[in-house]
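Novice: I would like to see how this sequence folds:
(one chain, ligands or ions: 1)
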Amino acid sequence: MSESGNASGGTILFVEDEEAISAPFSKVLAREGFEPVVAGTAAEAMELAERIEPDLVLLDLTLPDGDGRDVCRALRRDSDVPIVMLTARGSELDRVVGLEMGADDYVVKPFSGAEVVSRIRAVLRRTRAAGADAGRFEPAFTVGDLEIDVAARTAALAGEPIELTRKEFDLLAELARNAGRVVTREDLMARVWDVNWFGSTKTLDVHVGALRRKLGDDPAAPRHIETVRGVGFRFAES
Ligand code: CA
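Specialist: Take a look at the predicted model:
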């Protein structure tokens, strides 16, 4: 993510093939102080994301050459850029799938300019505050063989760095800083995802599963992240 100190509210990569949507909403974004850059295809989105390093990606799900969820997954492989999905489908399943792919939030079509702008601002505020908070308040800490440096957003297990996605890191940090205590599913959803969330916490289980794999935990007898059935999860103290 570029943190250029210009007056712009940030560069928004707007991935949308329908000009009837991208043209008017680009105008709204520009008026609100953002720099919109439109990509009409998944391929163009990937190319532009690398070249312009946007501050946020607004991502339509249905694209002529692919699915927005694949773009989301591909972006997440090497970037923490905030992603807001545009979806015409409002079912809970789609929301869960979107968040599992690594999206930060979603807006359901049809949406208003004001709605999109407020969602973009909220996501940018949250991600920027997360970075700033980390640097200000939290020194690196260790729990057993795990080391976490929240400011640098790095984690290591027995001295070996672990590759984590942004949400995986946030989840691990939240569990580790509460080591020895149960953190409820609801608290984890609120603190790590704090999206306009309601309903299933399946996405949490998916992320816990990924973390366990990366920590080398056997799901049947996890050494680090213990399941407290019906309540939540506990990071083992040692
Ligand atoms: Ca579309």
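Novice: how far is the longest helix belonging to the chain from where the chain is centred?
Specialist: Longest helix of the chain, by residue count under DSSP state H: helix 113-137. Distance of helix 113-137 from the chain centroid (C-alpha atoms, centre = their mean, to the nearest Å) equals 12 Å.
Novice: Pull the residues that contact stretch 60-71.
Specialist: 15-18, 21, 40-43, 45-46, 59, 85-89, 94, 97-98, 101 (C-beta atoms under 8 Å, 6 or more residues apart in numbering). In this view, the C-beta of every residue, glycine as well, is placed from N, C-alpha and C.
Novice: Buried ones among those residues?
Specialist: 15-17, 21, 40, 42, 45-46, 59, 85-87, 94, 97-98, 101 (16 or more other C-beta atoms under 10 Å).
Novice: Kindly identify which of those residues also come near the ion.
Specialist: Asp17 (C-beta under 5 Å from the ion).
Novice: and which of the buried ones among the contacts of stretch 60-71 is nearest the ion?
Specialist: Asp17 (4.7 Å; C-beta to the ion).
Novice: Next, the contact list for the closest one, please.
Specialist: Gly40, Thr41, Asp60, Thr62, Leu63, Pro64.
Novice: OK, contacts around the second one?
Specialist: With contacts defined as C-beta under 8 Å, 6+ apart, Thr41 is in contact with Asp17, Leu63, Pro64, Asp65, Gly66.
Novice: Nearest residue to the first one in space, please, no chain neighbours.
Specialist: Nearest non-adjacent residue to Asp17, counting by C-beta to C-beta, 6 or more residues apart in numbering: Gly40, 4.8 Å away.
Novice: Isn't that neighbour up against Ile21?
Specialist: No. Counting by C-beta atoms under 8 Å, Ile21 is not a contact partner of Gly40; they are 10.9 Å apart.
Novice: List the contacts of the residue nearest the centre of the chain.
Specialist: Central residue of the chain (C-alpha atoms, centre = their mean): Asp104, 4.0 Å from the mean position. By C-beta under 8 Å, 6+ apart, Asp104 lies in contact with Pro82, Ile83, Val84, Val123, Arg126, Thr127, Val195.
Novice: Phi and psi next, for it.
Specialist: phi -90, psi -30 (degrees, to the nearest 10).
Novice: hmm, back to that, of the contacts of Asp104, which qualify as buried by neighbour count?
Specialist: Buried, going by 16+ other C-beta under 10 Å: Pro82, Ile83, Val84, Val123, Thr127, Val195, out of these.
Novice: and which of those residues is nearest to the ion?
Specialist: Of the buried ones among the contacts of Asp104, the one sitting nearest to the ion (C-beta to the ion) turns out to be Val84, at 14.7 Å.
Novice: what ranges do the strands span in the chain?
Specialist: Under the criterion DSSP state E, the chain carries strands at the ranges 11-15, 35-39, 56-60, 62-63, 66-67, 83-87, 105-108, 141-143, 146-149, 154-157, 160-162, 182-184, 225-228, 232-235.
Novice: Just send those strands back as CSV, with mean pLDDT too.
Specialist: Shown next, in CSV, are the strands of the chain (pLDDT from 0 to 100):
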stretch, mean pLDDT
strand 11-15, 97
strand 35-39, 97
strand 56-60, 95
strand 62-63, 90
strand 66-67, 88
strand 83-87, 88
strand 105-108, 83
strand 141-143, 93
strand 146-149, 95
strand 154-157, 96
strand 160-162, 95
strand 182-184, 93
strand 225-228, 95
strand 232-235, 96
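Novice: any chance of these in TSV, with distance to Ser26 too?
Specialist: Formatted as TSV, those follow (distance: least, C-beta to C-beta, whole Å):
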stretch	distance to Ser26
strand 11-15	6
strand 35-39	4
strand 56-60	10
strand 62-63	17
strand 66-67	21
strand 83-87	13
strand 105-108	15
strand 141-143	44
strand 146-149	39
strand 154-157	37
strand 160-162	39
strand 182-184	41
strand 225-228	43
strand 232-235	42
